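# model this:
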Amino acid sequence: MSYVRSRILIASILAAQAAGTATAAAQSAGTSAERILAHITFLADDAREGRGVGTAGLDSAAQYIASRFMEIGLERATPHGFLQRFTISPTAPAAAHSGIGGAAVANVVGIHPGSGNLKNQAVVVGAHYDHLGYGGFGSLEPDSVPVIHNGADDNASGTAVLIEVARLLQSRSADNVRSLVFVAFTAEESGLIGSDYYVKNPVIPNDSTFAMLNMDMVGYVTENRLTAFGAKTAKEFDALLDSINASYGFQLSALGDGYGRSDQQSFFVQKIPVLHFFTGTHENYHRPTDDTEYINADGAARVASLVADLTWKLATRNEPLSFVDAEPPTMTASGGYGAYLGSIPDMSESPDGVRLTGVRAGSPAAAAGIRAGDIIIKIGEFDVSDLYEMTDALRSHKPGDAVTILVRRDGEVLELLATLGKRGA
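As a prediction, the model looks like this:
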């Protein structure tokens, strides 16, 4: 889509919104590119207040996505509708610097039911719909406060593509097909809080979830480039991606494990194969200038079509995927400098310690017998009540130190011995 054409369409959509007919504008647009641009224009409008946690704009965005899911014909995921409501814990690490503890938020979840002997399994397709609100923490222009950060690419683009993928797939059927679960996650920018809540409260159990596909920042297709992170989380992904992409001709880079600062990580630590589609960073990333006018809607539409085809391929696949855990990474999710443990903290709460959503494969934590679900309460002589105290404890030790780590597991306190490693080793 040309820049001029994009500007004309944006102007028409804004005029429709002013007349109170934004929904009609989104529905009447004839092509995938026009629909996607209509969704982004609504989600990235100043009226959404940057979709920050605690804003009325974030609530408005959730209602908009729920309405689109309903119009497409998806089924509701909860007895209360499409919104999976929850409250952010005051002990969430993000609450310490952003004041979001106690905020009422919601994932938006819709289901395309499966059929046959695969119907009780799921393929999850997701994207986060929140952004940075009025700036501050997370902004790359931290002095621009309060200035609305609209997040057209991050991640109104992924949310719009999510809606379009759901629309493209709603008319497809097969005798044996997995259920498709479409999730717009909240509070990703605050530490993957929405996706963390979902995997703790899944619509279809995690052990019956076949794969998860995530779209985060897919609105800046340039030079025909597309990246699929997480391609190494299943042995079959490389061949599947090549097969699907043969019809699209993207310059596709397929690489990496399932870790990373987006919602696929919450699923990967549950041992679910994941892919994160991404079209690259740019000068507007996490800045107030991330606006709709820079979106490549035609490129985003091609991404939507590719993701839809891949989703259907996975949903109807009879053969299993071979999950591949990650090799030890160069950094831990616990942050900061110091010795390396390899823990993956739960960013949604700190229950008088640091709860873990997982540990890195081959890490000192794994060797010590530390597991997902454990709550670290002490490292050496240092009490640990939250992530910041844990970071301080690790900074106070050197690689090679053997330390006693106390964890609370199923109501019991266990004493485990870990030999800390070196970051980047």
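
# domain ranges for this protein?
With domains defined by automatic domain parsing, the chain comprises 3-315, 343-419.

# distance check, the closest residue to G369 other than its chain neighbours against L356.
The spatially closest residue to G369, leaving aside those adjacent along the chain, is L416, at 5.4 Å (CB to CB, 6 or more residues apart in numbering). From N, CA and C alone the C-beta is placed, and that goes for glycine too. According to CB to CB, to the nearest Å, L416 stands 12 Å off from L356.

# before we move on, what about F277?
Look at F277 and L356: by CB to CB, they are 27 Å apart.

# compare the two (neighbour count), which wins?
Higher neighbour count among F277 and L356: F277, with 26 against 23, using other CB atoms under 10 Å.

# phi and psi next, for that one.
Backbone torsions for F277, taken as degrees, to the nearest 10, come to phi -90, psi 140.

# not including adjacent chain positions, what is the nearest residue to it?
Of all residues not flanking F277 in the chain, M215 sits nearest, at 5.0 Å (CB to CB, 6+ apart).

# pLDDT score for S28?
If you check S28, the pLDDT there is 44.

# what is in contact with L416 and L356 at once?
Taking CB atoms under 8 Å, 6 or more residues apart in numbering as the contact rule, L416 and L356 both touch I370.

# I272: how many residues sit nearby?
Residues contacting I272 under the criterion other CB under 10 Å number 23.

# do M215 as well
By the criterion of other CB under 10 Å, M215 has 30 neighbours.

# how much space separates the residue of the chain most remote from its centre from A62?
In terms of distance from the mean C-alpha position of the chain, E381 ranks first, at 35.8 Å (CA atoms, centre = their mean). Look at E381 and A62: by CB to CB, they are 45 Å apart.

# can you give me the helices for the stretch 51-200 of the chain?
56-72, 95-98, 158-170, 193-200 (DSSP state H, counting those that start in this stretch).

# buried residues, the shortest one. List them.
Along helix 95-98, these residues count as buried under the neighbour rule (16 or more other CB atoms under 10 Å): 95, 98.

# show me what I375 bridges to in the sheet.
The partner list for I375 in beta bridges (DSSP bridges) reads R355, R408.

# ok but K378 is inside a strand, no?
Yes. Under DSSP: H, G, I helix; E, B strand; the rest coil, K378 sits within a strand.

# what about the nearest residue to it once chain neighbours are set aside, distance to I36?
Counting by CB to CB, 6+ apart, L406 is the residue found nearest to K378 once chain neighbours are left out, at 4.0 Å. Between L406 and I36 the computed distance is 50 Å (CB to CB).

# between the two, which has more neighbouring residues?
I36 (30 against 18).

# please identify the helix or strand for that one.
Using DSSP states H and E, I36 sits within helix 32-43.

# how far off centre is that helix?
A distance of 20 Å separates the centroid of the chain from that of helix 32-43, by CA atoms, centre = their mean, to the nearest Å.

# follow-up on the earlier one: rounded mean pLDDT for the helix or strand containing the residue nearest to K378, please.
L406 is part of strand 402-409 when elements are defined by DSSP H and E. Strand 402-409 shows an average pLDDT of 96 in the prediction.

# list the buried residues of that strand.
Neighbour counts over strand 402-409 (16+ other CB under 10 Å) mark 403, 405-408 as buried.

# try stretch 59-69
Residues 59-62, 64-66, 68-69 are the ones in stretch 59-69 that count as buried (16+ other CB under 10 Å).

# got JSON lines for those, with distance to L132 and pLDDT too?
JSON lines is the format used below for the buried residues of stretch 59-69 (distance: CB to CB, whole Å; pLDDT from 0 to 100):
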{"residue": "D59", "distance to L132": "16", "pLDDT": "98"}
{"residue": "S60", "distance to L132": "16", "pLDDT": "98"}
{"residue": "A61", "distance to L132": "13", "pLDDT": "98"}
{"residue": "A62", "distance to L132": "17", "pLDDT": "98"}
{"residue": "Y64", "distance to L132": "19", "pLDDT": "98"}
{"residue": "I65", "distance to L132": "18", "pLDDT": "98"}
{"residue": "A66", "distance to L132": "22", "pLDDT": "98"}
{"residue": "R68", "distance to L132": "23", "pLDDT": "98"}
{"residue": "F69", "distance to L132": "25", "pLDDT": "98"}
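
# quick one: which of the residues you listed is nearest to A95?
D59 (18.9 Å; CB to CB).

# for that closest one, give its distance to A106.
With distances taken as CB to CB, D59 is found 8 Å from A106.

# report the central residue of this protein.
In the chain, the C-alpha nearest the mean C-alpha coordinate belongs to D263, at 2.3 Å (CA atoms, centre = their mean).
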